[in-house]
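Novice: Requesting a structural model of the entry that follows:
(one chain, ligands or ions: 1)
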Amino acid sequence: MDPFNVSRRNMLLGTGASLAALGARGIAQTVAPPVAPAGGRALPPPPTPDQIRRLQWWHEAKYGLFIHYGLYSMRARQEWAMEKEAIPIPEYEKYAKQFNPKPGFAREWVKLAKAGGMRYMVMTAKHHEGFCNFDTKLTDYNSVQQGPKRDLVREYVDAARAGGMRVGIYYSLMDWHHPDGAICANDEAARRRFVDYTHGLIRELMTNYGKIDILWYDGGMPLNGAGWEAERMNKMVLDLQPDIVMNNRNLAVGDFSTPEQRILASGNGRAWESCMTLNESWGYDAEDDEWKSPRTIVRNLISCGRDVGNYLLNVGPKGDGTMPEEAVRIITEVGRWLETNGDSIFKSDKCQPWRPSYATFTRTGNTLYMHVHYWPGGDVSLSGLQTKVLSAYMMKGKQAVKFTQDDYRVHITGLPMKAPDSPVTTIAIECESVPTQSLDPELRLAKPRGKVGIEI
Ligand code: GLC
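Specialist: Numbers count the residues shown, from 1 in each chain. Sure thing, here's the model as predicted:
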């Protein structure tokens, strides 16, 4: 749930619909009152200088690998299995005894993230099931005392660091295993114990693994921000990790918003990251074959890039830590595309142009990247560009392309009939000033029209 997300359309139009949507979803109790601009639209607070400092690398990193890995990976029916199938605790705990990730599993993940052109990773240290993939003094339901007899978070952090990846840790506040995890909502003594446990586990994670770049909270149920003592939690984290960035899912304001399974920019310069599954499952599901195509992933990266957001793409490894083959194939193909076209994503500034229908856009400075996803062959056109085009070239092969420009159209011609790149062909259009496209119907109305019929 993210009170600060505003759809791109409503953001551009400034309609009351965005306000109504915000009202309908409600704003968590401890979230600071949103700044109410003239016009009355609710916006998130603008980033503070310290947030701007801490978020700088994160904005540049743009693309990360999200990994849901836990006991549920063995059951292979997604990460909510314990709850949704109402599995009794003793029955579920058997997985903790059997859990046995293969040696070097985390190095394989890092290899994949690198091949995919990703720059950071986020691994579940503890999901809602309550099992800790790390060493802790606070419970024996952890990977060092149970089956693996290894600290999986340590293996992951070490592998990610060695591979030059930024390191993120996912932590679920909600806990289906802990005796106070549910009753803490109605029993103050239980809440006290459970909040101490939660803060204690987070303290261990933020203390024992060196520098952590991202803390990715999740599952802020059943308490609210005040109940979790979320602002105090974040202060503790920042004292231990002064450069870290945190999301908002512990119900404090945090540093960035987390639209889930959709791409939705936040207003007011608020950082945001769209998290999305590569198929339809976060945790491994052996039967889920609804894989997104490489083209869909590239287009999602473009959509995030144009609104200066990040993209966190999830894969659920199998019980032994192996990445599903399809995931490897798709992510690697996107990585190959990024080798050629990465500048158009990683260096993107906020971008306004959006037409035509076979292409989408990103922008860096005065360069507009036209990402043609359905290659029409021969020529492509762009309407209503408000600046002069100086030159244009294909990202793949870097060869210049011919174009003409009048008041209504930039027409790029002499292109091959077959798409030069796959899954998307990108044309860099270098302009005299920041490229914008007219959305003004006047311009379309002013365009000279023909007669009724055509002269023969
Ligand atoms: C959803 C799922 C949860 C998952 C999260 C990731 O909320 O229910 O299991 O961890 O998405 O954003």
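Novice: residues contacting the closest residue to the ligand within the stretch 301-450 of the chain?
Specialist: When scored by Cβ to the nearest ligand atom, the stretch 301-450 of the chain has residue 314 as its residue closest to the ligand, at 7.0 Å. In this view, the C-beta of every residue, glycine as well, is placed from N, C-alpha and C. Each residue near residue 314 by Cβ atoms under 8 Å, 6 or more residues apart in numbering is listed here: 65, 66, 67, 68, 275, 276, 277, 278, 282.
Novice: run the last query once more with 7 Å
Specialist: When contacts are counted by Cβ atoms under 7 Å, 6 or more residues apart in numbering, residue 314 touches 66, 68, 275, 276, 277, 278, 282.
Novice: Spatially nearest residue to residue 204 (excluding sequence neighbours)?
Specialist: Leaving aside its chain neighbours, residue 204 sits nearest to residue 136 (5.4 Å; criterion: Cβ to Cβ, 6 or more residues apart in numbering).
Novice: do residue 255 as well
Specialist: residue 245 (4.5 Å).
Novice: And that neighbour, how far from residue 257?
Specialist: 12 Å (Cβ to Cβ, to the nearest Å).
Novice: what do you get for residue 91?
Specialist: Counting by Cβ to Cβ, the gap from residue 91 to residue 257 is 37 Å.
Novice: higher neighbour count, these two?
Specialist: For residue 91 against residue 257, the residue with the higher neighbour count under other Cβ atoms under 10 Å is residue 257, and the figures read 23 against 10.
Novice: Go ahead and confirm the more buried one touches residue 274.
Specialist: No - distance between residue 257 and residue 274: 9.4 Å, which falls outside the contact criterion (Cβ atoms under 7 Å).
Novice: Name the next helix or strand following the helix or strand of the chain with the lowest mean pLDDT along the chain.
Specialist: Of all regular secondary-structure elements in the chain, judged by mean pLDDT, DSSP states H and E, the least confident is helix 16-25 with a mean of 32. The helix or strand immediately downstream of helix 16-25 is helix 49-61, counting by DSSP states H and E.
Novice: Could I get the buried residue list for that following helix?
Specialist: When burial is assessed from 16 or more other Cβ atoms under 10 Å, helix 49-61 yields the following buried residues: 51, 54, 55, 58, 59, 61.
Novice: what helices or strands is that helix leaning on?
Specialist: Taking 3 or more Cβ pairs under 7 Å, 6 or more residues apart in numbering; DSSP states H and E as the contact definition, the neighbouring helices and strands of helix 49-61 are strand 245-246.
Novice: and if we set it to 10 Å?
Specialist: If you count contacts as 3 or more Cβ pairs under 10 Å, 6 or more residues apart in numbering; DSSP states H and E, helix 49-61 packs onto strand 120-126, strand 166-172, strand 245-246, strand 256-257, strand 271-277, strand 310-315, helix 343-346.
Novice: ok, the spatially closest residue to residue 319 that is not a sequence neighbour to residue 279 distance?
Specialist: Sequence neighbours aside, residue 74 is the residue nearest to residue 319 in space, at 3.6 Å (criterion: Cβ to Cβ, 6+ apart). Spatial separation of residue 74 from residue 279 under the definition Cβ to Cβ is 18 Å.
Novice: Next: residue 68.
Specialist: Relative to residue 279, residue 68 is positioned 12 Å away (Cβ to Cβ).
Novice: repeat for residue 435
Specialist: Residue 435 sits at a distance of 36 Å from residue 279 (criterion: Cβ to Cβ).
Novice: who's more crowded, these two?
Specialist: Applying other Cβ under 10 Å to residue 435 and residue 279 shows that residue 435 carries more neighbours, namely 26 against 20.
Novice: All the helices of the stretch 351-456 of the chain, residue numbers only.
Specialist: Counting by DSSP state H, counting those that start in this stretch, one finds helices in the stretch 351-456 of the chain at the ranges 441-446.
Novice: what about it, any weak spots by pLDDT?
Specialist: When the per-residue scores of the stretch 351-456 of the chain are filtered using pLDDT under 70, the ranges that remain are 456.
Novice: all strands for it, in order.
Specialist: Along the stretch 351-456 of the chain, the stretches classed as strands by DSSP state E, counting those that start in this stretch are 359-364, 367-372, 380-383, 389-394, 402-405, 409-413, 425-431.
Novice: Can you tell me the SS state at the residue of the stretch 1-150 of the chain found nearest the ligand?
Specialist: Using Cβ to the nearest ligand atom, residue 79 is the residue of the stretch 1-150 of the chain that sits closest to the ligand, at 4.8 Å. With DSSP: H, G, I helix; E, B strand; the rest coil as the basis, residue 79 sits in coil.
Novice: who's in contact with it?
Specialist: By Cβ atoms under 10 Å, 6 or more residues apart in numbering, the contact list for residue 79 reads 68-73, 124, 127-129, 172, 281-285, 316.
Novice: for residue 143, same thing?
Specialist: Residue 143 sits next to 70-71, 96, 99, 101, 125, 131-136, 149-155 when contact means Cβ under 10 Å, 6+ apart.
Novice: at 7 Å what do you get?
Specialist: When contacts are taken as Cβ under 7 Å, 6+ apart, residue 143 is in contact with 99, 132, 133, 134, 150, 151, 152.
Novice: go on, residue 166?
Specialist: Contact criterion Cβ under 7 Å, 6+ apart gives 57, 61, 119, 120, 213, 214 as the residues in contact with residue 166.
Novice: and with 10 Å instead?
Specialist: For residue 166, the contacting residues are 57-58, 61, 64, 118-122, 160, 211-214, 245, taking Cβ under 10 Å, 6+ apart as the criterion.
Novice: wait, which of the residues you listed is closest to residue 107?
Specialist: Distance to residue 107, by Cβ to Cβ, is smallest for residue 160 among the contacts of residue 166, at 9.4 Å.
Novice: Quick check: the residue lying closest to the closest one once chain neighbours are set aside vs residue 120, distance?
Specialist: With Cβ to Cβ, 6+ apart as the criterion, residue 160 has its nearest non-adjacent residue at 4.7 Å, and that residue is residue 167. Shown here: residue 167 relative to residue 120, a distance of 7 Å by Cβ to Cβ.
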